[in-house]
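Chemist: I would like to see how this sequence folds:
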Amino acid sequence: MSERVRKTRVLFPIGAKLVIIISILILVSLGAVTFLVSYLSTQDVQRTAEDNNFTVNRRAGSQAEGSFMAVQTAVLLYLEMLDRSPMERDLELEWFFFSRNQNLAAIWVDRGDSNTMLIPNEHLFFSNNISADSVESYFSSGFGAVPDRMRFFNAAPDFQLSLISMNFIREGKEGNETIKVLFTPDDLSDSFGTGINTSFIITGTGDVLLHPDTDLVLGGANFSSLPIVETMRQEGDSNRRQIVYSDEAGIKYFGTWYNITGTDATAITIIPHDVVFEAVQGITRQNIFLTIAVLFLAILFTWFFSKTISSPVRNLANAALRIEGGDFEIDLKPKTHDELGLLTESFGKMSSALSIFGRFTNKDIAVRAMRGEIKPGGLHKHATVFFSDIRSFTEKSENFTKLFGEDASNRIVMWLNEYFTRMVDCVEKTNGVVDKFIGDAVMAHWGTAYSAGSPEKDAYNGVAAALMMRKSLMEMNEGRKKEDVHNPPIVIGCGLNSGIVTTGQLGSEQRMEYTAIGDPVNLASRVEALNKPMGTDILIAEDTWNLAGEHFITEEMPSVTVKGKEKPVRVFAVVNFKGAEGPQTLAQVRELLGIIPPDLSGVDTGSEEKKYKIGGGA
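Modeler: Residues are numbered from 1 along each chain as shown. Have a look, this model is predicted:
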């Protein structure tokens, strides 16, 4: 970027200074208020959340305690009634008992010395596909009981059903008996379901007995390593308090516990730290949004207050940068009637003049020269040079003159401009530079002002552009008839050659143009002239073929002895991209374009300046 453009930039404009000052005042004042509100609200919310967590935990623990006691009481009552029955198992009593206690799955009585009895809930077994043998095997696995305390075990992993095993000792009519009960905790689903607070029960060994996430229960999860469980074991039964801890994933929780009386089980209730302070965060977000809104309004006010001066100046600066980048199509209209308005109007006229100027020269080259990317003087570059020419242009021009008279020139220019627009588009899409228009001819090159990175890539782009031109011309000629003199189809010949050329800005102090000169340029022009006698539309010289021929379907034509060359020049007709749809031979290209195959032996190359001779001889 030029020094002149840099000088027009302002580091701290007036509008920016006003916006910064007002923004700082608003942010400091509202930020302090937001901080105080958030801090005080956090203290209140934390106390409320802890009290609520205590309440939920005690309610869940009390309900679990009552449910477990109810199961034990029902089982003890049933066994007392069974002791008074003359039969070891009273099926009618058994049916009546399980119909009133449908959550009980089975009762196991172990009197010692292998004297055991299984009392199953047949209906629950059948509905959940549980076999008596699997239950008996589970009860016989060795989970024992201790006096004066119920022990609990998670039976869900063994049966893939939410089942709890309760073990306790009962004094029966023949002595102490170990009683094991399987039951479902369905009546506890409300207290231990999903909610803001999560309550769950663990056994004395840390196994999860009841949890809202059934996958943890069925998978036999163990929470012994949770910090709250470790703290609970350290502090014992009497110190039930609120603690804050983080799990292995780093998520912070508030937690409390309730030791269920007469059991080895504990009810734990937790709530995520983020959930507790969600309301506070919401208030903080609202305050932040309010701050942003106030700040936005203040910025708008300041902006509109200062833009009467800064906006026109900024528009002019942006327009200058766009012009420096090569964009001359700028619509500037003065919005004030002061000096800035006059300056804006003058700047708009200048951009219009530059836009018109850009159509009479290569705008990209001019912009790059303005930026200093193209230095005065010549440079040697390996380039691929392209020439094209319209077949029978003189005849077509004469027909225009005969048909349209005084309007012929306008018709010819419009006809050519449509053609040139398509050709230039093909060159620019392949990173090439249009050097000049010589009547109906086009000169372009690749690897000069721009390069794809290597001579091979530049040569490939040049040949690809020629094939794109063939396709574009076929699309343009659709609907045109060969005999239509009002809007005749266009057929061109293209010639390409590669080599070391001299590039630079040639001309006088009043007028200069960026071009390429040298023997490869002359040879490219002469190769283009060979298309007509050889019945081709795209010819490339041997140097171009050596660089990029592997990517294209080509057919070698007879070698040509060119004036000024000691050895015959090999030339190749380009058929298509390799692997692409379309013509695969030169004969198919001629048929596609309506070119009559010539008799190369009868071609007269001396009708004009004898620049070449077909054949390998000198």
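Chemist: does Ser141 belong to a helix, a strand or coil?
Modeler: The three-state label given to Ser141 by DSSP: H, G, I helix; E, B strand; the rest coil is coil.
Chemist: domain parsing of this structure, as residue ranges.
Modeler: 40-271, 375-614 (automatic domain parsing).
Chemist: so for the longest one, mean pLDDT?
Modeler: For domain 375-614, mean pLDDT is 87.
Chemist: count the neighbours of Ser224 for me.
Modeler: Ser224 has 12 neighbours, counted by other C-beta atoms under 10 Å. C-beta coordinates here come from the backbone N, C-alpha and C atoms, glycine included.
Chemist: what's the closest non-adjacent residue to it?
Modeler: Gly206 (3.2 Å; C-beta to C-beta, 6 or more residues apart in numbering).
Chemist: residues contacting that neighbour?
Modeler: For Gly206, the contact set (C-beta atoms under 8 Å, 6 or more residues apart in numbering) comprises Asn222, Phe223, Ser224, Ser225, Val229.
Chemist: just to be sure, the fourth one is in a helix?
Modeler: No - with three-state DSSP as the criterion, Ser225 is coil rather than part of a helix.
Chemist: let the chain start at 723 from now.
Modeler: In the new numbering, first residue 723, that becomes Ser947.
Chemist: look up phi and psi at it.
Modeler: When quoted as degrees, to the nearest 10, the phi and psi of Ser947 stand at phi -90, psi 0.
Chemist: and if you look at the first one?
Modeler: Main-chain torsions, Asn944, degrees, to the nearest 10: phi -130, psi 130.
Chemist: nearest residue to it in space, please, no chain neighbours.
Modeler: Using C-beta to C-beta, 6+ apart and skipping the chain neighbours, the partner closest in space to Asn944 is Gly928 (4.8 Å).
Chemist: quick one: pLDDT of the residue nearest to Ser946?
Modeler: pLDDT, read off for Gly928, is 91.
Chemist: how near is it to Ser1176?
Modeler: From Gly928 across to Ser1176, the span is 69 Å (C-beta to C-beta, to the nearest Å).
Chemist: okay, now the residue nearest to Val998 when sequence neighbours are not counted: neighbour count?
Modeler: Computed as C-beta to C-beta, 6+ apart, the closest residue to Val998 that is not its neighbour in sequence is Ala771, at 4.2 Å. Ala771 has 20 neighbours, counted by other C-beta under 10 Å.
Chemist: what's the helix or strand for Ala771?
Modeler: Applying DSSP states H and E as the criterion places Ala771 in helix 736-805.
Chemist: chain center to that helix, what's the gap?
Modeler: Taking the mean of its C-alpha atoms, helix 736-805 sits 38 Å from the chain's own mean (C-alpha atoms, centre = their mean, to the nearest Å).
Chemist: mean confidence for that helix?
Modeler: 83.
Chemist: one step back: nearest to Arg1007, of the domains of the chain?
Modeler: For the domains of the chain, the distance to Arg1007 is smallest for domain 762-993, at 12.4 Å, taking C-beta to C-beta.
Chemist: mind checking how far the closest one is from the chain centre?
Modeler: Here domain 762-993 is found 50 Å from its chain centre; the criterion is C-alpha atoms, centre = their mean.
Chemist: quick one: the residue sitting furthest away from the middle of the chain from Leu799, how far?
Modeler: Of all residues in the chain, Pro808 has its C-alpha farthest from the mean position, at 78.6 Å, by C-alpha atoms, centre = their mean. Distance of Pro808 to Leu799, given as C-beta to C-beta: 18 Å.
Chemist: so which bits of the one helix or strand Ala1105 maps to are buried?
Modeler: Element membership of Ala1105, judged by DSSP H and E, is strand 1100-1112. By neighbour count on 16 or more other C-beta atoms under 10 Å, the buried set for strand 1100-1112 is Lys1103, His1104, Ala1105, Thr1106, Val1107, Phe1108, Phe1109, Ser1110, Asp1111, Ile1112.
Chemist: strands paired with whichever strand or helix holds Asn1298, and their directions?
Modeler: Element membership of Asn1298, judged by DSSP H and E, is strand 1293-1299. According to DSSP bridges, strand 1293-1299 forms sheet pairs with strand 1260-1263 (antiparallel), strand 1274-1278 (antiparallel).
Chemist: what's the burial count for the spatially closest residue to Gly1215 that is not a sequence neighbour?
Modeler: Taking C-beta to C-beta, 6+ apart, and ignoring the residues beside it in sequence, Gly1215 has Asn1253 as its nearest neighbour in space, at 3.0 Å. Look at Asn1253: counted by other C-beta under 10 Å, it has 24 neighbours.
Chemist: spit out the contact partners of Asn1253.
Modeler: Contacts for Asn1253 (C-beta under 8 Å, 6+ apart) come out as Gly1215, Cys1216, Gly1217, Asp1259, Ile1260, Leu1261.
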